[in-house]
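**Q** output the structure for:
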Amino acid sequence: MGKTVVKNGRLIDGHGNQPLDKGIVVFEGNTLIFVGEESDYSLSGEEQVIDAQGGSILPGFIDTHVHVMMEYEAVQKRLETPFSFRFYQAAHYMQKTLDAGITSVRDALGADLGVKKAVEEGLISGPRLQLSINALTITGGHGDGYTTSGQTVELLQANYPGMPDGRADGVEEVRKKVREMLRAGAEVIKVHATGGVLSPTDHPEFTQFTLDELKVIVEEARFRKEIRVMAHAQGAEGIKQAVRAGIHSIEHGIFLDDEAIDLMKEHGTFLVPTLLAPVSVLELAKESGMPDSAVEKARDAIEAHKESVAKAHKAGVKIAMGTDAGVMPHGLNLRELELMTEVGLSPMEAIVATTKTAAECLGWQDKVGTLEKGKLADIVVVKGNPLEDIASLSTNDTIQLVIKDGKIEKNHLTK
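**A** Below you'll find the predicted structure:
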């Protein structure tokens, strides 16, 4: 396979460095072999040349919190949808994610090993997947679909081959459940350490799992090649308990207090804000049939969420971009960057959060997240300069070229 050159663009490498106005990226197969000034590379004339047409050349973006198997629907529609239909929908959602320039994701529950295998073997197009399989939750907690009617209605069906049920109570049940997730192919363990906005029987500030239970989750994960743990954690006490247990990333972090922020700094814990999640609950409430309880909780959470993320950023907590896509429609992921700038990140910091820092959060910093020699050829070309108009990335028409693993997945550049 010959060399391919992407040229005539502003190079933003993902490290936060000053952009190169006449940057060039060269890859062969699926590997980057040159990144730098165009004047420092001599074309042989045999390369395939892609003209970025004055746009910006960036690393493939990373979303560290998605649900590729779902988009939120009213209960009645969920009950009317055949089980296997969800997998065909997922193929559509993953294509939309790629079209948005997202080339790697961490699935925060719902995708099984077969979904990952289908992408890796080219049966369907999709971003590179890191799987959690299903999230651990307590009986009656966030992730338990039990409703006040006494019926159980899950967001996603679990307990089928390859998808263990996530409910567990007590240290030994939790230990076994982690082992079941790992057996099913989990590359990261997801735990619900607090209640949530969409839960029918709890609240975001409710703490779930004891410290001993959380420590066992971390312990079991580390026994298996240093697998990391991500925690849905919204209330301050649940967040602090998760950090003390050694959990790697806090998802949402709506009600952070100063002690929680200090602990996260001390432990090097990542924050994945998902600012889009509660905003989307309000915006899509009527259309998607969100329950009144979720709308009320989201409305109460939004301002506190913004304040928490702003304080965490100011304190120097590591922030990785995540959206909770699936709560809102897939393909709108990069709208999160605009929301991040509204709470204090600069446009460059927001881009680093969805490239370099996001790769570090996934433990994939050796292969993706920045444009540099030896890494995988995940490349995005966008119209204009996102450092001057970060909101432009929210529109997929801005995303002109998407290359994942050296393969062109989208090309809207004119010939």
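
**Q** can you map out the helices along the stretch 151-300 of the chain?
**A** 171-183, 211-223, 236-244, 258-267, 276-283, 285-288, 292-315 (DSSP state H, counting those that start in this stretch).

**Q** next, format those as a markdown table and append distance to L376, mean pLDDT and mean neighbour count.
**A** Every residue, glycine included, has its C-beta placed from N, CA and C. Listed next are the helices of the stretch 151-300 of the chain as a markdown table, based on distance: least, Cβ to Cβ, whole Å; pLDDT from 0 to 100; neighbours: other Cβ atoms under 10 Å:
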| stretch | distance to L376 | mean pLDDT | mean neighbour count |
| --- | --- | --- | --- |
| helix 171-183 | 25 | 97 | 18 |
| helix 211-223 | 25 | 96 | 19 |
| helix 236-244 | 31 | 98 | 24 |
| helix 258-267 | 29 | 98 | 17 |
| helix 276-283 | 26 | 87 | 23 |
| helix 285-288 | 35 | 71 | 14 |
| helix 292-315 | 28 | 88 | 18 |
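
**Q** P386 is nearest to which of these?
**A** Closest approach to P386 among the helices of the stretch 151-300 of the chain (Cβ to Cβ): helix 276-283, 17.4 Å.

**Q** how about the helices in the stretch 301-415 of the chain?
**A** Using DSSP H, counting those that start in this stretch, helices in the stretch 301-415 of the chain cover 335-342, 347-353, 356-362.

**Q** which strands and helices lie in contact with the second one?
**A** Spelled out, that is helix 347-353. Helices and strands touching helix 347-353, by 3 or more Cβ pairs under 8 Å, 6 or more residues apart in numbering; DSSP states H and E, are helix 335-342.

**Q** same question for the last one.
**A** For helix 356-362, the contact count by 3+ Cβ pairs under 8 Å, 6+ apart identifies strand 61-66, strand 102-107, strand 270-272, strand 318-319 as packing neighbours.

**Q** quick one: residues in contact with that helix.
**A** The contact list for helix 356-362 (Cβ atoms under 8 Å, 6 or more residues apart in numbering) reads 14-16, 59, 61-64, 104, 106, 130, 188, 248-249, 270, 272, 318-322, 365, 367-370.

**Q** got it, and the longest one?
**A** Counting by Cβ under 8 Å, 6+ apart, helix 335-342 makes contact with 63, 273-276, 279, 306, 309, 319, 321-323, 347, 349-351, 353-354, 386, 390-391, 393-394, all of which sit outside it.

**Q** show the pLDDT at the spatially closest residue to E154 that is not a sequence neighbour.
**A** In this structure, E154 finds its nearest non-sequential neighbour in G145, 3.9 Å apart by Cβ to Cβ, 6 or more residues apart in numbering. Predicted confidence (pLDDT) for G145: 70.

**Q** next one: G145 from L11, what distance?
**A** Using Cβ to Cβ, to the nearest Å, G145 is found at 47 Å from L11.

**Q** still on that earlier bit, including distance to I379, could the helices of the stretch 151-300 of the chain go into TSV?
**A** As requested, the helices of the stretch 151-300 of the chain are exported to TSV (distance: least, Cβ to Cβ, whole Å):
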stretch	distance to I379
helix 171-183	33
helix 211-223	32
helix 236-244	35
helix 258-267	32
helix 276-283	25
helix 285-288	34
helix 292-315	28
